[in-house]
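Q: After the sequence you'll find the predicted model.
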Amino acid sequence: MMKTYIIEILCALLGSFGFSLLINLKKEKIFLASLGGGLTCFFYLLMVSQSVGNFTAYFWASVFATLYAEMMARILKAPVTIFVIPAVVPLIPGGSLYYTMECLMQKNFSMVKENAVETALIALAIALGITGVIIVLDIISLFARKQKIGE
């Protein structure tokens, strides 16, 4: 079991590395962007091992990925997107999307519905996690600016 987790994390790290190369990240940022993907996968696996639901695991893993990206962006004074995109790549529901299409080609419509709902819920969890962190950080930033102006 532990060996499987290590392989999954390494694959996530390599996938994020490949995606970082694909979007032409600068050399000094590629490692940290790739590390975000590996850490996100680790966090996702940690959530799954705690027996939380699939939606919840994806949601909290995307929250983690976004917080990591925000932190790296502020430290390195770079756009958040160059860290958040590679960090969430391991969460993309490719498997369930594949099975949805496979069932569609086999005309197994009950399984198409089941897999499509799972894919949509995963995508929703990822989107809500990213959006939620961005909104909360923007509100905190707004209050901090208002307090600074008020002084």
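A: Structure received. Please read all numbers here as calculations on a predicted model, not as lab measurements. Numbers count the residues shown, from 1 in each chain.
Q: What mean pLDDT does stretch 129-146 get?
A: For stretch 129-146, the mean per-residue pLDDT is 92.
Q: So for the protein, which residue is the most central one in space?
A: Val88 (2.5 Å; CA atoms, centre = their mean).
Q: quick one, what contacts the nearest residue to it once chain neighbours are set aside?
A: By the measure of CB to CB, 6 or more residues apart in numbering, the closest residue to Val88 outside its immediate chain neighbours is Ala65, 5.0 Å from it. All C-beta spots, glycine's among them, are computed from the backbone N, C-alpha and C. In this structure, Ala65 makes contact with Gly36, Leu39, Thr40, Phe43, Val84, Ala87, Val88, Leu91, Gly129, Ile130, judged by CB atoms under 8 Å, 6 or more residues apart in numbering.
Q: Which of the residues you listed sits closest to Phe109?
A: Distance to Phe109, by CB to CB, is smallest for Leu91 among the contacts of Ala65, at 27.1 Å.
Q: which of the contacts of Ala65 has the most neighbours?
A: Looking at those with neighbours defined as other CB atoms under 10 Å, the largest count falls to Ala87 at 33 neighbours.
Q: same for the helix or strand hosting that residue, what does it pack against?
A: With elements delineated by DSSP states H and E, Ala87 resides in helix 81-88, which encompasses its position. With contacts defined as 3 or more CB pairs under 8 Å, 6 or more residues apart in numbering; DSSP states H and E, the secondary structure elements packing on helix 81-88 are helix 2-22, helix 27-49, helix 54-76, helix 109-150.
Q: related to what we said a few turns ago, now, the most widely separated pair of the contacts of Ala65?
A: Taking CB to CB, the two most distant members of these are Leu39 and Ile130; they sit 15.5 Å apart.
Q: Give me the distance between Tyr99 and Gly36.
A: Between Tyr99 and Gly36 the computed distance is 27 Å (CB to CB, to the nearest Å).
Q: same thing with Ile134?
A: Using CB to CB, which is the criterion applied here, Ile134 is 16 Å from Gly36.
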